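Visitor: Provided below are the primary sequence and the corresponding predicted coordinates.
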Amino acid sequence: MSKEFNCSIKHIRFDENYQPADSTRLTTNFANLARGEHRQENLRKTLTMINNRFNALAHWDNLTADRYSVEVDIISVDLDVKGNGQTFPIIETLKTTIVDHKENKRIDGMVGNSFSSYVRDYDFSIVLPEHRDKNLASITPDNFGELHGKLFQYLLNSEAYNAHFQKKPVICLSVSTSKTYYRTVNQHPVLGIEYKQDEYSLTDDYFHKMGLTVRYFKPEGSAAPLAFYFAGDLLSDYTDLELISAISTMETFQKIYRPEIYNANSSAGQVYQPSLNYQDYSLTQVVYDRAERSQMAVTQGRFTETHFIKPYQTILEEWAASYDVTGDTAQKEAADKETSRKQAA
C-alpha cells in the first residue's frame with residue numbers, strides 16, 4: 001500500500017481586488033494580469049470579457065444578453081509529503097460559479113479550466129531540456145511526467161477534493177502550434193465544431209498520464225479550436241452552462257495571451273495550423289507580459305527542484321512506484337456507490 005499524503009485546498013476569489021498569493025506561480029495567466037499599474041483595470045476588463053462571452057453562448061431566454069455573470073475562484077492545492085505541516089503548492093485551477101440574475105440563483109460552473117503546476121514547470125523547463133541537451137535518441141526521458149500524473153490522480157481521489165467538488169475537472173488549453181487540426185462533421189450545440197489532430201502533442205501525452213483524454217472543439221464565434229482535457233465523458237457528464245463557463249473563461253484568457261490564434265480576424269478553416277507568427281489579429285485592451293511568462297518557467301522549475309523534488313525525492317520515487325492509479329480509482333468509485341446507496345435508503 002502506498003504512503004498517504006495530506007492534501008489541502010484553498011479558494012481565492014478572482015475579482016478586481018485579487019492579489020496573487022505568495023505561493024502562486026508567477027507565470028499563471030491570472031497572476032500575470034494582477035500585477036503592475038494596470039492591474040485593477042486588467043482584472044475588470046477580463047471579467048467583463050468572460051461575462052459577455054458567456055451571455056453570447058447562453059443566448060436562449062436571454063434577449064438582452066445580460067442574464068448571467070460568472071464568478072471565478074482560484075483553487076490552490078497544497079501537498080504535505082511528510083505529514084509535518086510543511087506543504088508545497090502542487091496545483092492551481094479555476095472554479096466558476098454562474099449567477100443567474102433572472103432566476104436569482106447561483107449555479108455550479110466548471111472546475112478545472114486553467115491548469116497551473118510547479119512540477120509541470122520542472123518537467124518541461126528543466127528535465128526535458130537537459131535530456132535533449134544530451135542528444136539522446138528518445139524525445140522524452142523514461143517515465144517523463146509519470147510522477148506528476150500520479151500526483152494529479154491522487155488529488156482527484158483524495159477526500160479533500162471530493163469534499164469540495166462533485167465532478168472531475170475539465171482543463172481547457174490552447175491547441176499546439178506544432179500540430180495540424182482537421183475539421184470534422186461532428187458538431188455539438190455548445191462546444192461547436194470538433195477538430196481532429198494529425199498526431200498527439202507532447203502536452204496531450206503528458207495530460208494522458210494525468211488520466212485525461214483530449215478532444216478539440218471550436219465553439220460558435222471562436223477563431224480557433226480549444227483543447228479540452230477531461231476524465232469520463234465530456235459531452236454527457238457536464239451541463240451546457242458548465243461547458244459555457246469553461247469556454248467563456250478560458251477563451252478570454254487565450255485571447256489575451258495568444259491573440260494571434262484566439263483573437264485572429266479570420267476563423268480556422270477545414271485544415272488548421274495554429275501559428276504565433278500570424279499577423280492578422282486584434283489585441284485586447286488588457287495588458288499582459290508574455291515575455292515574463294516564458295522567462296519565469298525555468299526559474300520556477302528550479303524552485304520546484306530545490307524545494308520539492310530534491311528534498312522528497314526518495315519518498316516520491318517510492319510512492320510513485322507503489323501507487324496504483326486503477327486501484328485508487330476503483331476504491332473511490334466503490335465509496336461513491338456506497339454513499340449513494342445510503343442516501344437512497
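Guide: Good, I have the coordinates. Residues are numbered from 1 along each chain as shown.
Visitor: thought residue 148 was touching residue 119?
Guide: Yes. In this structure, residue 148 is within contact of residue 119 by Cβ atoms under 8 Å, at 4.7 Å. For the C-beta atoms, the positions are set from N, CA and C on the backbone; glycine is no exception.
Visitor: now the helices: where do they sit in this structure?
Guide: 29-33, 39-57, 118-122, 128-133, 146-156, 159-164, 202-208, 240-257, 259-262, 290-304, 313-322, 325-344 (DSSP state H).
Visitor: okay, those helices in a markdown table with mean neighbour count and mean pLDDT next?
Guide: Converted to a markdown table, these look like this (neighbours: other Cβ atoms under 10 Å; pLDDT from 0 to 100):
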| stretch | mean neighbour count | mean pLDDT |
| --- | --- | --- |
| helix 29-33 | 22 | 56 |
| helix 39-57 | 19 | 91 |
| helix 118-122 | 23 | 93 |
| helix 128-133 | 13 | 89 |
| helix 146-156 | 21 | 96 |
| helix 159-164 | 14 | 94 |
| helix 202-208 | 18 | 94 |
| helix 240-257 | 25 | 95 |
| helix 259-262 | 21 | 95 |
| helix 290-304 | 16 | 76 |
| helix 313-322 | 13 | 94 |
| helix 325-344 | 11 | 48 |
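Visitor: tell me the pLDDT of residue 137.
Guide: Residue 137 is assigned 64 on the pLDDT scale.
Visitor: residue 73 versus the nearest residue to residue 168 once chain neighbours are set aside, what's the distance?
Guide: Of all residues not flanking residue 168 in the chain, residue 231 sits nearest, at 4.7 Å (Cβ to Cβ, 6 or more residues apart in numbering). Between residue 231 and residue 73 the computed distance is 21 Å (Cβ to Cβ, to the nearest Å).
Visitor: residue contacts, the closest residue in space to residue 117 that isn't next to it in sequence?
Guide: Excluding its sequence neighbours, the residue lying closest to residue 117 (Cβ to Cβ, 6+ apart) is residue 91, at 5.4 Å. For residue 91, the contact set (Cβ atoms under 8 Å, 6 or more residues apart in numbering) comprises 76, 77, 115, 116, 117, 152, 155.
Visitor: in the residues you listed, find the pair that's most separated.
Guide: Greatest spatial distance among the contacts of residue 91 (Cβ to Cβ): 76 and 152, at 14.5 Å.
Visitor: which parts of the stretch 1-150 of the chain are strands?
Guide: For the stretch 1-150 of the chain, strands defined by DSSP state E, counting those that start in this stretch occupy the ranges 6-14, 68-80, 87-100, 105-117.
Visitor: what's the distance between the nearest residue to residue 279 once chain neighbours are set aside and residue 269?
Guide: Closest residue to residue 279 apart from its sequence neighbours, by Cβ to Cβ, 6+ apart: residue 260 at 7.8 Å. Distance from residue 260 to residue 269, counting by Cβ to Cβ: 16 Å.
Visitor: picking that back up, would TSV of the helices of the chain with distance to residue 185 be doable?
Guide: Output for these, formatted as TSV (distance: least, Cβ to Cβ, whole Å):
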stretch	distance to residue 185
helix 29-33	33
helix 39-57	21
helix 118-122	34
helix 128-133	37
helix 146-156	33
helix 159-164	37
helix 202-208	22
helix 240-257	20
helix 259-262	23
helix 290-304	36
helix 313-322	42
helix 325-344	33
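Visitor: and those helices: which comes nearest residue 281?
Guide: helix 259-262 (4.9 Å).
Visitor: what sits up against that closest one?
Guide: 174-175, 177, 222-224, 251, 254-255, 274-279, 281-284.
Visitor: nearest to residue 296, of the contacts of residue 91?
Guide: For the contacts of residue 91, the minimum distance to residue 296 (Cβ to Cβ) is 12.0 Å, reached by residue 116.
Visitor: beta partners of the closest one?
Guide: residue 92 (DSSP bridges).
Visitor: run a quick neighbour tally on it.
Guide: 23 (other Cβ atoms under 10 Å).
Visitor: tell me how far it lies from residue 180.
Guide: For residue 116 relative to residue 180 (Cβ to Cβ), the value is 28 Å.
Visitor: residue 215 too?
Guide: 16 Å.
Visitor: again, but for residue 224
Guide: 13 Å.
Visitor: do residue 5 as well
Guide: 40 Å.
Visitor: which of the two has more residues huddled nearby?
Guide: residue 5 (21 against 15).
Visitor: so residue 282 touches residue 266, yeah?
Guide: No. Contact between residue 282 and residue 266 fails when scored by Cβ under 8 Å: they sit 11.1 Å apart.
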